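A.B. asks: my questions concern the predicted model and sequence given below.
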Amino acid sequence: MSEEQRGVEIENPVLGKLKVFGMDPNTLFTVLGFAITCVVAAFLWTHSSEAKDAGKDVAQVLKESNKEIAQILKETNRETTQILKEMARANREQNCLLSVPLEKRQQMADTCRRIAQ
């Protein structure tokens, strides 16, 4: 009477024939499945933490970029406001000069400039 040996024989084109004896095949596949699951879980956890760190870096860069853009927009708005004020002043001065007869325009130039301000 010989003892029946339990085992698994797997044929793989890369590894060739792989024979594992002395272990129940269900136990072997359960242990291998658990090991693969652990490796995949570790990979996903590492990837998740790296992605979180990369997301923080991207958020910081975007925050700095938005601050710079806001500062540039504020400066541009100040310059635009100053230009519009100067244009309004020049328009008032021009309207004043146009309301004066042609002969007196040269004399009224300084007066219209003071009124426009």
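C.D. replies: Thanks, I have it. Numbering: from 1, shown residues only.
A.B. asks: whatever helix or strand Val58 lives in - contacts with which helices or strands?
C.D. replies: Using DSSP states H and E, Val58 falls within helix 25-99. Here helix 25-99 touches strand 7-12, helix 105-116, going by 3 or more Cβ pairs under 8 Å, 6 or more residues apart in numbering; DSSP states H and E. Backbone N, C-alpha and C define where each C-beta goes, glycine included.
A.B. asks: change it to 7 Å
C.D. replies: Secondary-structure packing of helix 25-99 (3 or more Cβ pairs under 7 Å, 6 or more residues apart in numbering; DSSP states H and E): helix 105-116.
A.B. asks: buried sites along the helix it packs on?
C.D. replies: Of all the residues in helix 105-116, those buried under the rule 16 or more other Cβ atoms under 10 Å are Cys112, Ala116.
A.B. asks: relative to Gly33, how far out is Ala42?
C.D. replies: Computed as Cβ to Cβ, to the nearest Å, the Ala42 to Gly33 distance reads 15 Å.
A.B. asks: before we move on, what about Glu79?
C.D. replies: 68 Å.
A.B. asks: Asp24 now?
C.D. replies: Distance, Asp24 to Gly33, using Cβ to Cβ: 14 Å.
A.B. asks: between the helix holding Val58 and helix 105-116, how many degrees?
C.D. replies: With axes from the mean of the first three to the mean of the last three Cα atoms, to 10 degrees defining the directions, helix 25-99 sits at 140 degrees from helix 105-116.
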